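Student: Give me a model of this one.
(2 chains)
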Amino acid sequence: MFATLVLLAAAACSESSPDDAASSADETPSTATAPLPPETINDPEAAAIAAYTRYWDTLMSAFADPDGDLSEYEAIAEGQALEHAQATEEGWIAEGVHGGGAIVHHVEVKESLLTDEVQQVVLVDCADTTGTQVFGADGEPVEGEVYGYREIQSRVELLDGFWIVTVMAVQEIGSCTPDDDS
Amino acid sequence: MHARRRFLTWLGAIAVASCAGVAVLPRGVLADPLGPECSDATDSCEVVAEHPGSPDGSSGSEGSGGDSASEGGGSGGDAGGLSDCTSAVVDTDADTHPSAGARPAGDDYVLVVETCALPSGASVQSAEWLELGADGQLQIRAEVLAQRAIDRLHLPQPVMDTSPESKQLVHLPIWLAVTEASWEVQSATASVPGLTVTATATPVLASWSMGNGDSRKCTGPGTVWTPAAGETDSSPDCGYLYEQVTEADAEVTVTVTWEIRWSGGGESGSVPDMTTTAQTTWPVIESQSLVQR
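Tutor: Numbering: from 1, shown residues only, chains lettered A, B, ... in the order given. Modelled structure (predicted):
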């Protein structure tokens, strides 16, 4: 029942180790092949994972060059998840930082509620941020920044025909370890 | 925020221990590529699927064709606890449920799922098998739901708002008070379709232990001192005055007593009181000083 997927937030970046994070982080990720829109995927759980991936792709794209355009998240997120994305980018701008690299996601379906009226999927992710790096306004890596594995639980819902992320709960560094088989 | 009373003493600086906690935002949280962390304090890190609640919070039941669900709902006024709960009968042929367990033997059991929203937007969900009576009503007593609602009450720890705040002079009246948020009626609900029970906690007593064997009982939160009051005026409703210094810092405790009542389904009742408490320490020194507000 539970699917486990390993996903890269920035599709062009291969999985990075902490050692090569600095070299890859300066590069702006590019997408070799555009992922399928969640709305074109019939399987609800796969569609939810695709919507979750789209959320992080959008956020990581902004991470490379935060421009303060917070409206771009409105098409992919609502409620607390929308606030989370907007607060995250606002935080980068407030601190004068940007970043790069790729988050490696280890996503599982935790729970599904699929009826004629409700299409909801709860995902749990063990996200690895060691392949990312935060840079200050001077372009130098921000000292003291901590990277690692963080558990993320999220809820994705089919709303008016669109798969929308509605809850995004990110836990502290070290809150998870990826399964060996993932 | 009102101005605090403070004192300039010729005794010099005195280190004052404080029990107040300090929330520290982890460094780099906002710069982190994943963004702000969820708050464990509100259990918002646990995300579950939830049935949408009926907009008007109405209760009732409806047919169970297909995967349809009948819902009941209720809202509590407690911003810190489970504040908005809905329940639904889920039409399922399953013999087991991850949280409700195995379906009891018999044909008359239905799965009831209750979802409560957290202030963060996340939600918590519980499920149980309940028996349907011959009248088509769920067989659950109001007292059972009442206990569930009581368990969900989130009573705030009292926060002292005394004046002076951190050190005391003998013969100078202390205004004892807790913050407004420490003295607000709290409520929580529990529901199944057709029946919602609300539990209410009302603060009724603040008991102050002054650290020298004396105590003071107040039936309200106390009045917070403001500059409009005189420098040496006594509190109109909840005050204290040390008459001699204490050898060590006085350990001061305030305990708030909450009266717990519940109602729903045409029934009501009460359970034993609950208490919340907070503690601080302050030195009590001679008043050989210039008092300045």
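Student: Neighbours of B:R141, how many?
Tutor: B:R141: 12 surrounding residues under other C-beta atoms under 10 Å in any protein chain shown. Heads up, the C-betas are built off the backbone N, CA and C, glycines and all.
Student: Over to B:T196?
Tutor: Neighbours around B:T196, by other C-beta under 10 Å: 25.
Student: and what of A:E140?
Tutor: When neighbours are defined as other C-beta under 10 Å, A:E140 has 8 of them.
Student: mind checking pLDDT for it?
Tutor: Each residue has a pLDDT score; the one for A:E140 is 90.
Student: next one: B:A41
Tutor: 50.
Student: Also B:W262?
Tutor: 95.
Student: partners of it in the sheet?
Tutor: Beta-bridge pairing for B:W262 (DSSP bridges): B:A199, B:G269.
Student: low pLDDT regions in chain A?
Tutor: Within chain A, the ranges that satisfy pLDDT under 70 run A:1-35, A:116, A:179-182.
Student: helices and strands around the biggest helix by length in it, which ones?
Tutor: The single longest helix within chain A, with elements called by DSSP state H, is helix A:44-64. Judged by 3 or more C-beta pairs under 8 Å, 6 or more residues apart in numbering or on different chains; DSSP states H and E, the packing partners of helix A:44-64 are strand A:4-8, helix A:79-95, strand A:98-101, strand A:104-114, strand A:119-128, strand A:149-159, strand A:162-173.
Student: Make JSON lines out of these and add mean neighbour count.
Tutor: What follows is those, written out as JSON lines (neighbours: other C-beta atoms under 10 Å in any protein chain shown):
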{"stretch": "strand A:4-8", "mean neighbour count": "17"}
{"stretch": "helix A:79-95", "mean neighbour count": "19"}
{"stretch": "strand A:98-101", "mean neighbour count": "24"}
{"stretch": "strand A:104-114", "mean neighbour count": "20"}
{"stretch": "strand A:119-128", "mean neighbour count": "23"}
{"stretch": "strand A:149-159", "mean neighbour count": "23"}
{"stretch": "strand A:162-173", "mean neighbour count": "22"}
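Student: circling back: so what's the gap between the longest helix of chain A and the chain middle?
Tutor: 5 Å (C-alpha atoms, centre = their mean, to the nearest Å).
Student: Kindly report the same for stretch B:194-202.
Tutor: For stretch B:194-202, the distance to the chain centre is 15 Å (C-alpha atoms, centre = their mean).
Student: Give me the contacts around that stretch.
Tutor: Applying C-beta atoms under 8 Å, 6 or more residues apart in numbering or on different chains, the contact partners of stretch B:194-202 are B:59-61, B:72-74, B:76, B:137-138, B:140, B:142, B:145-146, B:148-150, B:152-153, B:155, B:185-191, B:258-265, B:274.
Student: And it, what's buried?
Tutor: By neighbour count with 16 or more other C-beta atoms under 10 Å in any protein chain shown, stretch B:194-202 contains the buried residues B:194-201.
Student: pLDDT check: weakest of the residues you listed?
Tutor: Ranking those by pLDDT, B:G194 lands last with 83.
Student: From B:Q244, how far out is it?
Tutor: Distance from B:G194 to B:Q244, counting by C-beta to C-beta, to the nearest Å: 63 Å.
Student: cool, B:H154 as well?
Tutor: For B:H154, the distance to B:Q244 - C-beta to C-beta - is 40 Å.
Student: so what's B:G211 up against?
Tutor: B:246, B:249-253, B:281.
Student: That one belongs to a strand?
Tutor: No. Assigned with DSSP: H, G, I helix; E, B strand; the rest coil, B:G211 falls outside any strand and is coil.
Student: how many neighbours does the residue nearest to it when sequence neighbours are not counted have?
Tutor: In space, B:G211 comes closest to B:A250 once its chain neighbours are excluded; the distance is 3.0 Å by C-beta to C-beta, 6 or more residues apart in numbering or on different chains. If you count neighbours by other C-beta under 10 Å, B:A250 ends up with 20.
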